[in-house]
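> Got a predicted model here, sequence first, then my questions.
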Amino acid sequence: MSAIAKVMLEMGYQVSGSDLAQAELTEKLAAKGAQVYIGHEAQNVKGADIVVYSTALSKDNVEMAAAEALNIPILHRSEMLARLMNARKGVAVAGAHGKTTTSSMIALVLEECGQDPTFIIGGELLNVGSNAKAGKGDYVIAEADESDGSFLQYEPLIALVNNIEADHLENYDGSFDKLKQAYAQFLSQVKPEGKAVVSKDDPYLAEMLQDIRSEVITYAIDSDADYVAQAIVLGDRKVSFEVVHAGQTLGTIRLSVPGKHNVYNALATLITCLEAGLTFDQVAKAITEFRGAKRRFQVLGEVDDMLIIDDYAHHPTEIEATIQAAKATGKRIVAVFQPQRYTRTYFLFEQFSRSFPDAAEVIITDIYSPAGEKQIEGITSAKLVELIRQNSNSNVKYVPTKEEVQAYLLGTVRPGDLIITMGAGDIWKTAAGLAKALEERSETKG
């Protein structure tokens, strides 16, 4: 929502909006000229030409009711984004994992290569310190959200999917088949001259290729695809690989972010940018500058040989990939996970329990649940800890609150440790607090 607001402000529109609490993003929007209200009140929508809302909003919201009573057009955020994207050369990035990183990579490369794109991203791009920009170029890059089916609003020039997993099934009648059908439709909705870009290593996408009614470009590491990554070298907070296309080695890509999962993100970025008219050498040079997105393997502190990292990983596959990326540092890994949503924890309980074999120590906090979500009986962090102990890691403990986790870590971490907090909630505050406390302790000693 904040990204759309920022782009609309930069395009010259008057923007107002409501949030439940003051935050860094609301302060940035206010500084740019937005009218920010704290708290939801009917009078906040008076005078608006359009009201834009997100799925997070409850159906009985007072501002929505007021907009209806005043006959103000009401658009879901995806409909507003579709208006921006469908009118230009849209690049819509979907998938269970990697949306923010991949869309950020594409935005940065196009920006560095003088294309001046518009981008609307779910996380802050560290290179530019923002999650959005209204550019004057032809391209609009945005994440396409499959969680509520809203990605079907888009008709992009390029539709990109890295992977598919059985997540958000509560919005697909509990049916993974319905979710897969939605992805096939999304990939078939590109403009006539457009392309669908998909990972052939993902079994569901490979199976789906025959159902996609668009021209498809594939990429992979382990399969025969249009673009293949070879000679992958995983390093401490970096990775490099060679790209092979049509039997020819195009060259080497060097990333300043770690992990095999980022090889897929970079391959997808390369294809997109080549389709936009850039050369391999241009992409390879620009992508090396990519420093990541906020909360994506973000280094928050490095003190006395202790590394503190925060990551948005909130799904079993993401947890495993993040811990694998951490392993390349050679440090002892202390993994802190804050489950998010009772529904997700319920659907993926077993998978979560098998996600931590490569951590030296695992800490699980209470479930972070958005306002209004009902607790599901029997779905608790304490029970998840029991199952993790059985299925992937015996050195696991339940520490309920962020504050207790920070206090515990401050008393137990030692040189050579990598502490990584993971989750889509507010567990990042623990990492930030720990980094600050360790720095203060080190300064006092010094």
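Received the coordinates, thanks.
> How much space separates the residue nearest to the spatial centre of the chain from residue 301?
In the chain, the residue lying closest to the centroid (CA atoms, centre = their mean) is residue 100, at 3.7 Å. To residue 301, residue 100 is 22 Å away according to CB to CB, to the nearest Å. Yep, even glycine has a C-beta here, placed from its N, CA and C like the rest.
> about what we covered before: isn't the residue nearest to the centre of the chain right next to residue 126, touching?
No - Residue 100 lies out of contact with residue 126 (CB atoms under 8 Å); the separation is 11.4 Å.
> List the residues that contact residue 424.
Residue 424 is in contact with 312, 314, 340, 368, counting by CB atoms under 8 Å, 6 or more residues apart in numbering.
> and the two most separated of the residues you listed?
312 and 368 (12.2 Å; CB to CB).
> Point me to the helix or strand that includes residue 426.
Using DSSP states H and E, residue 426 falls within no helix or strand.
> My understanding was that it contacts residue 402; is that so?
Yes - contact criterion CB under 8 Å: residue 426 and residue 402 qualify, at 6.9 Å.
> rewinding a little: check contacts around the residue nearest to the centre of the chain.
Residue 100 makes contact with 121-123, 143, 293, 296, 312, according to CB under 8 Å, 6+ apart.
> do residue 276 as well
Applying CB under 8 Å, 6+ apart, the residues near residue 276 are 89, 110, 115, 139.
> Tell me how many other residues crowd the second one.
The number of residues packed near residue 110 is 27, by other CB atoms under 10 Å.
> sorry, back to before: joint contacts of residue 312 and residue 368?
Residues touching both residue 312 and residue 368 (CB under 8 Å, 6+ apart) are 423-424.
> neighbour-wise, which of those two wins?
Neighbours were tallied for residue 312 and for residue 368 using other CB under 10 Å; the higher tally belongs to residue 312 (26 against 19).
> picking that back up, what do residue 426 and residue 402 both touch?
Listed as contacting both residue 426 and residue 402 by CB under 8 Å, 6+ apart are residue 338.
> These two: who's more crowded?
When residue 426 and residue 402 are compared for neighbours, residue 402 comes out ahead with 23 against 12, by other CB under 10 Å.
> Can you show me the helices along the stretch 1-150 of the chain?
2-10, 24-31, 62-69, 77-86, 99-112 (DSSP state H, counting those that start in this stretch).
> Can you tell me which of the ones you listed is most buried?
Of all the helices of the stretch 1-150 of the chain, helix 99-112 has the most neighbours on average by mean count of other CB atoms under 10 Å, namely a mean of 27.
> Give me the below-cutoff pLDDT ranges for the stretch 301-446 of the chain.
Where the stretch 301-446 of the chain drops to pLDDT under 70, the residues are 446.
> Extract the residue ranges of the stretch 101-250 of the chain that are flagged as low pLDDT.
Those would be none, if you go by pLDDT under 70 across the stretch 101-250 of the chain.
> thinking again about what came up before, can I get the contacts of residue 276 in a markdown table with distance to residue 192?
As requested, those are exported to a markdown table (distance: CB to CB, whole Å):
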| residue | distance to residue 192 |
| --- | --- |
| 89 | 13 |
| 110 | 22 |
| 115 | 22 |
| 139 | 18 |
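> Most neighbours out of these, which is it?
Using other CB under 10 Å as the neighbour test, the contacts of residue 276 are led by residue 110, with 27 neighbours.
> Just give the nearest non-adjacent residue to it, would you?
Closest residue to residue 110 apart from its sequence neighbours, by CB to CB, 6 or more residues apart in numbering: residue 117 at 4.4 Å.
> Contacts only, for the one you found.
Taking CB under 8 Å, 6+ apart, we find residue 117 in contact with 107, 110-111, 133, 135, 137-141.
> swap in residue 401?
Neighbours of residue 401 in contact, by CB under 8 Å, 6+ apart: 365-366.
> So what does it look like in phi/psi?
Here is the backbone geometry of residue 401 (degrees, to the nearest 10): phi -110, psi 160.
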